[in-house]
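*Asks:* Sequence unavailable; structure follows:
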């Protein structure tokens, strides 16, 4: 079952208000097994409203229209629909009586402007008049059309409480079930992921999409079918094939983030982390503490942006800074060890690098980053050359540092399983 | 001048990723004097892409298409456009040589999948090949069409750096002049700003808009007219009236951020800042170091998430922590002083609070925050109760802390002017 969404309002086409309602509707319709063929955002222009509606009715099974239902002069949806579908407006007696009752309580409002709300196209059925939210349904050429207010919370309420149940009843037995999973991947490009996955033989009912969502790549897998058990089984088998190909490059699924996955691993292994940051300037610490409950495994850290901070708080020798420069293997090692010992953490990571745009040299261009890792057994360092603007280099450095700790903890997990 | 925006991608029509790019484009095109007739969001379906593009070309002056330009199998925009406009794809030699150069550095990638990026419809002009962002322009029937990647940060960069200047050149002299200024306000709600500004008598050609952009409020002033000198003069006078009403609640204009404004003040007064963070977990430090050149005034800081970090790195007495709790006036003072003395900064700020969702008590509910300020003359503390979710409380705390330092430096500025 295929639908279209039409959002109406000059505030949307001028970009003054972001259109959040169409995406919300698409997401919930998709989850309920309906596909969206197209979404349109248009101004309060009657001819365009009518044209968009008629074209949608010609090619899809249902239409959702939001916005332009209010009482002011620039709300033109009802009049445009009446004209486009050749359904004269007529007063809805239930709404009229609710408005009159409301006006009795608030006598300073003029009746004429509000009564506009009661005039609906012939055949309209109101969705939830008692809640005083505008919104109605029309069945035209055997296809349901839903008209909802553009106010986001009203639209969301009516969509979930009225539209989804009505659509499910209308198309009962005619729709497919669907299952979607998103894999979150770090350390491979979109193209590399595509190359790895495209040779897997998947069922025709499995659809794969690739999306770079910086700094990650997301792979979405959608499975459709008539039988829920079969769909679930197919989804499970396809997941396994994809997971086998991509291995630990998949760090999580659906709503996971690198920092939430790392937090879960630290908690499980009862390890405490601290972080010494130079070029990332606090970003790693900010990511770690964005997770509620992170105080269970995250101690904190030092942002040693100036060299004086590296000596005073991390115990890095001035001679090491002088001989090797702040961006070096030696300083990354000293920062990681200094951080771990003084904070008494199980694991510390340290980053030092050049985020740009200034500060690069021929030897150490912008994007040069050293990441040190220290635990109670060893201290080691890795050297990277990232590309991008300042924010991108900081973000890539942070994600890579977290990934280094994640991969270390995964290896510990495997070891403990073997023992 | 009228345009349409077409966003392409199954991730958008399934509601999996919200479409933020179309609204951004509409907003910036509107500010530049162009109106948007309609915006469409469609899946990776070649027939629909072609249909939407041809219909737009039939009724508006320019078209912006985003998404579907990547190297993977589900990126179909270029092929669809080639078909719809009857312009066969041909290889772009500049892109081809950039890709080959890139592959020489990364030899494990296959050439065929990336070379897809170099095949563009006949007559296409690339927008910014050196940045390795996909994106090209076509002039079709004397109308410009811009194709941009769907990746939000790339799309935003190319829109502002390439599309807007190219459109302005193309339609030079055919449009009204307009001048827009955005005031960035912190510490007042949208309604409070509205109340203060609404009594100012402004010219009919001046349009004011209010937008809450968390944690700030933005006030936009748009002036339109036929005569550039008159428009500029009216804009200047109106700006002054607004600035008088809102005073130091306006922290900046247009692209300023709290951290960039604070950085400029610190640099001007030759002061060095360091930060001790508990509930903000590194966010303040991250904001300060997001600005290129921040090493000129920002030393770094300590994220003392655990109590042990407060004693070891900031010298907070264990007895103070025990007697008053980590979230208290006394600890905020000790953190700010400890930070300033050991880092030898001119100014230090310290925050300690409860970001939630857990950890609140009757005495100290979620949102309780103490912000300490210390310079070489004094140490003081302010007590706040913020509301919102975890991220909102962290972000409000960070912005308030930066604002405290900004207001302190503004007073120093005034004093030095008086002397």
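*Replies:* Perfect, thanks for sending it. Treat the numbers as computed from the prediction; the structure is a model and nothing was measured.
*Asks:* Report how many residues lie close to residue A:76.
*Replies:* Each residue near residue A:76 was counted by other C-beta atoms under 10 Å in any protein chain shown, and the total is 18. In this view, the C-beta of every residue, glycine as well, is placed from N, C-alpha and C.
*Asks:* and it, backbone torsions?
*Replies:* Dihedral angles of residue A:76 (phi, psi; degrees, to the nearest 10) stand at phi -120, psi 10.
*Asks:* ok, now which ones touch it?
*Replies:* Shown in contact with residue A:76 (C-beta atoms under 8 Å, 6 or more residues apart in numbering or on different chains): A:8, A:44, A:45, A:46, A:49, A:68.
*Asks:* Tell me how far it lies from chain B.
*Replies:* Using C-beta to the nearest C-beta, to the nearest Å, we find residue A:76 at a distance of 15 Å from chain B.
*Asks:* quick one on the thing from earlier: pipe the contacts of residue A:76 into JSON lines and attach distance to residue A:234, secondary structure and neighbour count per row.
*Replies:* Below are these laid out as JSON lines (distance: C-beta to C-beta, whole Å; DSSP: H, G, I helix; E, B strand; the rest coil; neighbours: other C-beta atoms under 10 Å in any protein chain shown):
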{"residue": "A:8", "distance to residue A:234": "39", "secondary structure": "strand", "neighbour count": "26"}
{"residue": "A:44", "distance to residue A:234": "45", "secondary structure": "coil", "neighbour count": "21"}
{"residue": "A:45", "distance to residue A:234": "45", "secondary structure": "coil", "neighbour count": "18"}
{"residue": "A:46", "distance to residue A:234": "47", "secondary structure": "helix", "neighbour count": "16"}
{"residue": "A:49", "distance to residue A:234": "41", "secondary structure": "helix", "neighbour count": "26"}
{"residue": "A:68", "distance to residue A:234": "42", "secondary structure": "coil", "neighbour count": "29"}
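*Asks:* where are the low-confidence patches of the stretch 51-200 of chain A?
*Replies:* Within the stretch 51-200 of chain A, the segments meeting pLDDT under 70 span A:73, A:105-113, A:173-177.
*Asks:* for chain B, what are the nearby residues on it?
*Replies:* A:52, A:180, A:182, A:190, A:191, A:192, A:194, A:195, A:198 (C-beta under 8 Å from any C-beta of the partner chain).
*Asks:* pretty sure the fourth one contacts residue A:212?
*Replies:* Right, residue A:190. Yes: Residue A:190 is in contact with residue A:212 according to C-beta atoms under 8 Å; the separation is 4.8 Å.
*Asks:* what is in contact with these two at once?
*Replies:* Common neighbours of residue A:190 and residue A:212 (C-beta under 8 Å, 6+ apart) are residue B:70.
*Asks:* Could you find the closest non-adjacent residue to residue A:396?
*Replies:* Among residues not flanking residue A:396 along the chain, residue A:386 sits closest, at 4.6 Å (C-beta to C-beta, 6 or more residues apart in numbering or on different chains).
*Asks:* So for residue A:190 and residue A:212, which sits in the more crowded spot?
*Replies:* A direct count of neighbours by other C-beta under 10 Å for residue A:190 and residue A:212 places residue A:190 higher, at 22 against 19.
*Asks:* quick check: mean pLDDT across the helix or strand harbouring residue A:222?
*Replies:* Element membership of residue A:222, judged by DSSP states H and E, is strand A:216-225. Taken as a whole, strand A:216-225 carries a mean pLDDT of 86.
*Asks:* Please apply the same query to stretch A:233-248.
*Replies:* Predicted confidence along stretch A:233-248 averages 93 (mean pLDDT).
*Asks:* Can you give the contact residues for that stretch?
*Replies:* Stretch A:233-248 has contacts (C-beta under 8 Å, 6+ apart) with A:179, A:181, A:183, A:185, A:188, A:193, A:196-197, A:200, A:202-203, A:205-206, A:219, A:221, A:223, A:225, A:250, A:407, A:410.
*Asks:* just the buried members of those residues?
*Replies:* The neighbour count (16 or more other C-beta atoms under 10 Å in any protein chain shown) marks A:179, A:181, A:183, A:185, A:188, A:193, A:196-197, A:202, A:205-206, A:219, A:221, A:223, A:225, A:250 as buried among those.
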